[in-house]
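[1] Model the structure of this input:
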Amino acid sequence: MTYAAESPLSDAGTNDVLHDEFLGALAALGGSAGNGRLRETLEWEEAHYEAVKVDLLGRRLIVNGRGRGGSVALAEGTAGETSGNGQPTTRAPNGSRAASPLSSFEQAFRAIDDCLRKEAGCGTELDYTEQTSWLLFLKYLDGLEDDKAAVAALEGRSYTPILEEPYRWNSWAAPKSASGQLDHHAALTGDDLRDFVNGRLFPYLERFKQSASGPNTIEYKIGEIFGELRNKISSGYNLREIIDVIDGLRFRSQAEKHELSMLYEEKIKRMGNAGRNGGEYYTPRPLIRAMVNVVNPQIGESVYDPAVGSAGFLCEAFEFMRRGGSTGAELSTADLDTLQSRTFTGKEKKSLAYVIAIMNMILHGIEAPKVLHTNTLTENLSDVQERDRFDVILANPPFGGSERKEVQQNFEIRTGETAFLFLQHSIRLLRGGGRAGVVIKNTFLSNSDNASVALRHKLLSDCSLHTVLVCPGGTFQGAGVKTVVLFFEKGAPTRKVWFYQLDPGRNLGKNAALNDADLAEFVSLQNTFADSPKSWSLDATSIDQSTFELSSKNPNGVEQIAHRSPADIMEEIAVLDAESAEVLGRIREIL
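    Next up is the predicted model:
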């Protein structure tokens, strides 16, 4: 969320979280950065940024830099023997002193990517993220096992590890000597390491899916992940090098997890932007945070994403609720337990996105994510019962795809457009009085085909469509389409629709991405549905009852012509060329 300038810094718990965010972001930028760049990375308002900065300067955790434009750097103690939260530095597997947890993650990710670039089977950001994910997951699982064993010991009970001894991280990946250093004599490498991973480790982990007690257990997740992924690192020596890097990481404390989650999100962002289907994996986090703010999920409510992707919506909703939502109220132990175990559900069809979603939620602090690996659209909506419904739905379903005829039979309004099927699914699975925010192509507002007209009619009659956020081109990098966000509440027909035309005052693109400040006015005005030069209301009685068209011109503002930059035009041409090449390729296959 965007922090308001007047946000207090008196609460110790809030202070620690903000300090961790500031220090983590600064470390991710290499330990020093200009104030403008760091504030943009954090997506904080200037007054709030300055307040946290002054606090950290007073604590001598950062120092003013020497740049003429104003900069800050991690203090020597912060980047040296202790981290910002007072944690000691760790040691790398070879025994040398590693960088502190606040700076080691970025270096590690770069080193891992450098190793993966040497692999013929790893040619894209998608491959880098996939291979990094399964190794990070096993390192995380080892730490989780240690934590559970320690708790059991304190409570005087025994603990049975999830993994058998030969398959635990400290047995096959990083066996240690009595001094705590990597035991080079016991550690596998080269062909031995590769053959163990491919021939023994992956088959063993895959079998957990059959033996797990249920789909929401960590055991089931292990089986799902390793049943879908394959090790693409053919060189056992490269794999050894990557394992050594990952073994040197610690992500047990909240500060460590926060920095790693930030860098992992950045990795997902690069992965999403690497292809023309960027929106499939990555929804801009400022847009997600604005949607979460508007929908305002509460402790005790269930939150669902039917097309979870990399789990950005669920992660941001978790962060929003963990911090007390819109009121900032402190959560009780029972509240935190509810948030962990009875709040979030996601479904994902694609294997890679499923794995990334689980890893992303784990790094954000959700220990056993309830993410189901399934094609959401194959569920028969006529079978949905009250217990299957949710209080809050947040989604950016894939658009432009198509589904088979037999899948379309599950829906009242039959169409091949996947986004329209997901919207019907969301309406059906929303509980009475439930709230939703769904991204969809802007052509949905005005398309004249039968499916579009029928779906608009259903949305307006079954739900109160109270807000439409009209997003500019470039919001989704590489997607090549314009979008709107539909906010609605189920249970009463639409009476009035409030529109907001998002205009950041610049052409959005890779070097000018959407940020929280761009959406601050929208979030503020939406509370009261206020009219402004960018916002207006449409009474339901004025909607054409034959077409239910929802496209509406802003009567309060002056229409401006947006001149696109040459780079943006070239980028869209490249996207369209790639799509044309794909279509031509299919035609050649048919011929």
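[2] A73: what secondary structure?
    On the three-state scheme (DSSP: H, G, I helix; E, B strand; the rest coil), A73 is labelled strand.
[3] does it really touch S32, like I thought?
    Yes. At 3.6 Å, A73 counts as touching S32 under the criterion of Cβ atoms under 8 Å. Every C-beta, even on glycine, is put in place using the N, C-alpha and C of the backbone.
[4] what touches both of the two?
    26, 65 (Cβ atoms under 8 Å, 6 or more residues apart in numbering).
[5] Break this structure down into its structural domains.
    Per automatic domain parsing, the domain ranges recorded for the chain read 12-74, 104-255, 276-559, 561-591.
[6] right, and those domains - which one's nearest E266?
    Closest approach to E266 among those (Cβ to Cβ): domain 12-74, 7.7 Å.
[7] So for that closest one, mean pLDDT?
    Domain 12-74 comes out with an average pLDDT of 75.
[8] Checking my notes, F420 in a helix, right?
    Yes. The assignment for F420 (three-state DSSP) places it in a helix.
[9] Distance of V371 relative to N216?
    Note on V371: its distance to N216, by Cβ to Cβ, to the nearest Å, is 9 Å.
[10] Tell me the helices and strands packed up against the longest helix anywhere in the chain.
    Longest helix in the chain by number of residues, with DSSP state H as the criterion: helix 125-154. For helix 125-154, the contact count by 3 or more Cβ pairs under 8 Å, 6 or more residues apart in numbering; DSSP states H and E identifies helix 101-116, helix 169-172, helix 218-228, helix 236-247, helix 254-273, helix 351-363 as packing neighbours.
[11] Least confident of those, on average?
    helix 254-273 (a mean of 72).
[12] relative orientation of that one and helix 125-154 in degrees?
    160 degrees (axes from the mean of the first three to the mean of the last three Cα atoms, to 10 degrees).
[13] Neighbours of T160, how many?
    7 (other Cβ atoms under 10 Å).
[14] L381 now?
    By other Cβ under 10 Å, the burial measure for L381, its neighbour count, is 16.
[15] How about it: what's its closest non-neighbour residue?
    R428 (4.7 Å; Cβ to Cβ, 6 or more residues apart in numbering).
[16] Do I have it right that S532 meets N556?
    Yes. Using Cβ under 8 Å, S532 is in contact with N556, at 6.6 Å.
[17] So between the two, which is more surrounded?
    S532 (15 against 12).
[18] Of all the domains of the chain, which one is nearest K269?
    Closest among the domains of the chain, using Cβ to Cβ: domain 276-559, at 5.2 Å.
[19] ok, now how distant is E21 from Y49?
    11 Å.
[20] for D577, same thing?
    41 Å.
[21] what about the two, which has more around it?
    Each of D577 and Y49 has its neighbours counted (other Cβ under 10 Å); Y49 has more, 21 against 11.
[22] quick one: the helix or strand harbouring the more buried one to chain centroid distance?
    If you go by DSSP states H and E, Y49 is part of helix 46-58. Relative to its chain's centre, helix 46-58 lies at 27 Å (Cα atoms, centre = their mean, to the nearest Å).
[23] which helices and strands sit right next to that helix?
    Using 3+ Cβ pairs under 8 Å, 6+ apart, helix 46-58 sits against helix 12-28, helix 35-42, strand 62-64.
[24] got the buried residues for that helix?
    Residues 48-49, 51-53, 55-56 are the ones in helix 46-58 that count as buried (16 or more other Cβ atoms under 10 Å).
[25] Report the angle between it and helix 35-42.
    Using the same axes, to 10 degrees: helix 46-58 against helix 35-42 is 110 degrees.
[26] export stretch 506-525 as PDB, just CAs?
    Output of stretch 506-525 as PDB, limited to C-alpha atoms (Å, rounded to 0.1, in the frame of the first residue of the first chain):
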ATOM      1  CA  ARG A 506       3.000  10.000 -18.900                       C
ATOM      2  CA  ASN A 507       3.300   7.000 -21.200                       C
ATOM      3  CA  LEU A 508       3.600   3.800 -19.200                       C
ATOM      4  CA  GLY A 509       6.400   1.400 -20.300                       C
ATOM      5  CA  LYS A 510       9.400  -0.500 -19.000                       C
ATOM      6  CA  ASN A 511      11.100   2.700 -17.900                       C
ATOM      7  CA  ALA A 512       8.000   4.400 -16.600                       C
ATOM      8  CA  ALA A 513       6.000   1.700 -14.800                       C
ATOM      9  CA  LEU A 514       2.800   2.200 -12.900                       C
ATOM     10  CA  ASN A 515       3.400   3.200  -9.200                       C
ATOM     11  CA  ASP A 516       1.300   3.700  -6.000                       C
ATOM     12  CA  ALA A 517       1.300   7.400  -6.400                       C
ATOM     13  CA  ASP A 518      -0.500   7.100  -9.700                       C
ATOM     14  CA  LEU A 519      -3.400   5.300  -8.000                       C
ATOM     15  CA  ALA A 520      -3.500   7.300  -4.800                       C
ATOM     16  CA  GLU A 521      -6.200   9.700  -6.000                       C
ATOM     17  CA  PHE A 522      -8.300   6.800  -7.300                       C
ATOM     18  CA  VAL A 523      -8.200   5.000  -3.900                       C
ATOM     19  CA  SER A 524      -9.100   8.300  -2.100                       C
ATOM     20  CA  LEU A 525     -12.000   9.400  -4.300                       C
END
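[27] buried set for it?
    507-509, 513-523, 525.
[28] Name the nearest of those residues relative to D391.
    V523 (20.5 Å).
[29] anything in contact with each of E21 and Y49?
    Counting by Cβ under 8 Å, 6+ apart, the shared contacts of E21 and Y49 are L42.
[30] What is the burial count for the residue nearest to L381?
    With other Cβ under 10 Å as criterion, R428 counts 19.
[31] and if you look at the one 10 residues further on?
    The criterion is other Cβ under 10 Å. On that basis, V438 has 24 neighbouring residues.
[32] Same question for the one 5 residues further on.
    Each residue near T443 was counted by other Cβ under 10 Å, and the total is 15.
[33] re the thing from before, out of the buried residues of stretch 506-525, the closest to S351 would be?
    A513 (27.8 Å).
[34] Please enumerate the helices of the stretch 301-450 of the chain.
    Ranges of helices in the stretch 301-450 of the chain, per DSSP state H, counting those that start in this stretch, are 312-322, 333-341, 351-363, 405-408, 418-429, 450-462.
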